[in-house]
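Chemist: pasting the structure only:
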């Protein structure tokens, strides 16, 4: 099954244009039969093609299913890695896990302070379709760690190395897990968050930033 994405939806018709149109009609050469399309807001449409030209194609809606986002309560805050391909991989896997809220942040040891949001949005959209999900993930603006801490959902976790900290477990209410940069959080930052956030362990081994984000998301999901 191939899944396509469009926001161009009327009462009974959906339009694919741009890269989605090209991928559907030129790459996969789908000109008849059933086409599945999502609006990125939880709806999955079963459609059939009724029109095609060079720039767009239109599809009649045959059936509409509405899906609930299972892990919409989980937010992951992660400091972008110096090697951008590792951060892109992280985003891709977080989306595949069903994480819809991803907050990049800059802390004292961060080595990247700029992101190409157009490219990252394409990566996340591709991961959403590949994993057959119907909710489009949100990549929030890059923020300072302390500012994000203030703006975050009510329950806050911070992944920290020492084994004495509590292991993270499945959590069913709105929460955010902070994953630090490659150099870790500074001692000043750790001192600052004391009493404001729950320190948690992701295990006995030290993990790369992108690995920690995936492990933490998986543990919060309870799977």
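Modeler: Right, received. Where do you want to start? Values in this document were obtained by computation on a predicted structure and should not be read as measured data.
Chemist: just checking: what are the partner strands of the lowest-mean-pLDDT helix or strand in the chain?
Modeler: Lowest mean confidence among the helices and strands of the chain (mean pLDDT, DSSP states H and E): strand 166-167, at a mean of 76. On the basis of DSSP bridges, the sheet neighbours of strand 166-167 come out as strand 198-201 (parallel).
Chemist: give the other helices and strands that the following helix or strand past the partner strand contacts.
Modeler: As assigned by DSSP states H and E, the chain's next helix or strand after strand 198-201 is helix 209-221. Judged by 3 or more C-beta pairs under 8 Å, 6 or more residues apart in numbering; DSSP states H and E, helix 209-221 is in contact with strand 74-78, helix 84-96, strand 155-159, strand 175-179. In this view, the C-beta of every residue, glycine as well, is placed from N, C-alpha and C.
Chemist: confidence-wise, which of those is weakest overall?
Modeler: For these, mean pLDDT drops lowest on strand 155-159, to a mean of 93.
Chemist: spatially central residue for this structure, please.
Modeler: residue 95 (3.9 Å; C-alpha atoms, centre = their mean).
Chemist: can you tell me how far that residue is from residue 40?
Modeler: 12 Å (C-beta to C-beta, to the nearest Å).
Chemist: so what's in contact with those two at the same time?
Modeler: Common contact partners of residue 95 and residue 40 (C-beta atoms under 8 Å, 6 or more residues apart in numbering): residue 128.
Chemist: tell me which residues of stretch 124-144 come out buried.
Modeler: Within stretch 124-144, the residues that count as buried by 16 or more other C-beta atoms under 10 Å are 124-125, 127-129, 133-137, 139, 142-143.
Chemist: first-to-last residue distance for stretch 139-146?
Modeler: Using C-alpha to C-alpha, to the nearest Å, the end-to-end distance of stretch 139-146 comes to 18 Å.
Chemist: quick one: residues in contact with it.
Modeler: Outside stretch 139-146, the residues touching it (C-beta under 8 Å, 6+ apart) are 79-80, 91, 101-108, 113-115, 117, 120-121, 124, 151, 178, 189, 192.
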